[in-house]
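Visitor: Sequence plus predicted model, see below.
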Amino acid sequence: RMTVVEGWFSGRSFPSVPNPEELSPLVRDLLKLNGSMNSKAFLVDEPTGVTTFVGSRTECALLVMLRKLGFDYNQVREETLPNQVKLFGFTSARKMSSVLLKDPSNPGTLRLFNKGAADWVLKKSVALLNEDGSTTPMNEGKLAEMLDVVTSMAKRGLRCICLSYKDFPEHDSSRP
């Protein structure tokens, strides 16, 4: 069964799932929305105390991580579903899945959350999110550094995924 065993969150490496207070409220919120909404998987808590994974093992591992961070992904889905514009399932061609949400805290804005193969997502990224909400441009040096982090994890047999987001105006005359 797959679990999140370590991670790199907004500029910091963690040897295990961080405690909620170790992540900024912004990072926790982004993880909550991406992990809950960019997924069709769910967890079944059996009377025996065992949790059964239904759906993608990777998505289920993220749902377990959300629980450890104090989130109820079912509640998040229920509250956020009215703002969901479209769910784009995982494809091997794109090597990622995405969900497009209206951002209720920023009317007129859509936020696209992505989850996928770390090397693919990183190569499409234009910046890295810092804990304070600022960003660092994804230049060649930063990309190489991040790919080294991914390679180091992969060499230890870990499946590496990357979560990202991008904001768009809800109405854009240049878009069909």
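Guide: Good, I have the coordinates. This structure is a prediction, so every number in the text was calculated from the model and none was measured.

Visitor: Keeping just the C-alphas, turn the host helix or strand of residue 75 into CSV.
Guide: Per DSSP states H and E, residue 75 falls inside helix 73-80. As requested, the backbone C-alpha atoms of helix 73-80 are provided in CSV (Å, rounded to 0.1, in the frame of the first residue of the first chain):
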residue,chain,number,x,y,z
TYR,A,73,-11.3,15.4,2.2
ASN,A,74,-15.0,14.5,2.0
GLN,A,75,-16.0,17.8,3.7
VAL,A,76,-13.6,19.7,1.4
ARG,A,77,-15.2,18.1,-1.6
GLU,A,78,-18.7,18.8,-0.4
GLU,A,79,-17.9,22.5,0.3
THR,A,80,-15.8,23.0,-2.9
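
Visitor: what packs against the longest helix belonging to the chain?
Guide: Counting by DSSP state H, the longest helix found in the chain is helix 140-155. On a contact count with 3 or more C-beta pairs under 8 Å, 6 or more residues apart in numbering; DSSP states H and E, helix 140-155 meets helix 118-124. Any C-beta I mention is one placed from the backbone N, CA and C, and that applies to glycine too.

Visitor: What lies in contact with the helix it packs on?
Guide: 94-96, 114-115, 138, 143, 146-147, 150, 160-164 (C-beta atoms under 8 Å, 6 or more residues apart in numbering).

Visitor: With respect to residue 54, which of those residues is nearest?
Guide: Residue 54 lies nearest to residue 115 out of those, by C-beta to C-beta, at 17.6 Å.

Visitor: Can you check what angle separates the helix or strand where the closest one lies from helix 140-155?
Guide: Assigned by DSSP H and E, residue 115 falls within strand 109-117. Orientation of strand 109-117 against helix 140-155 (axes from the mean of the first three to the mean of the last three C-alpha atoms, to 10 degrees) gives an angle of 50 degrees.

Visitor: which intervals of the chain have sub-threshold pLDDT?
Guide: 175-176 (pLDDT under 70).

Visitor: follow-up on the earlier one: from the contacts of helix 118-124, which is closest to residue 22?
Guide: The nearest member of the contacts of helix 118-124 to residue 22, counting by C-beta to C-beta, is residue 163 at 16.7 Å.

Visitor: ok, now how distant is the closest one from residue 173?
Guide: Applying C-beta to C-beta, to the nearest Å, the value for residue 163 to residue 173 is 30 Å.

Visitor: tell me what the helix or strand hosting residue 35 is packed against?
Guide: Residue 35 is located in helix 25-37, with elements delineated by DSSP H and E. In terms of contacts (3+ C-beta pairs under 8 Å, 6+ apart), helix 25-37 is packed against helix 57-68, helix 73-80, strand 96-102, strand 109-117, strand 127-129, strand 161-169.
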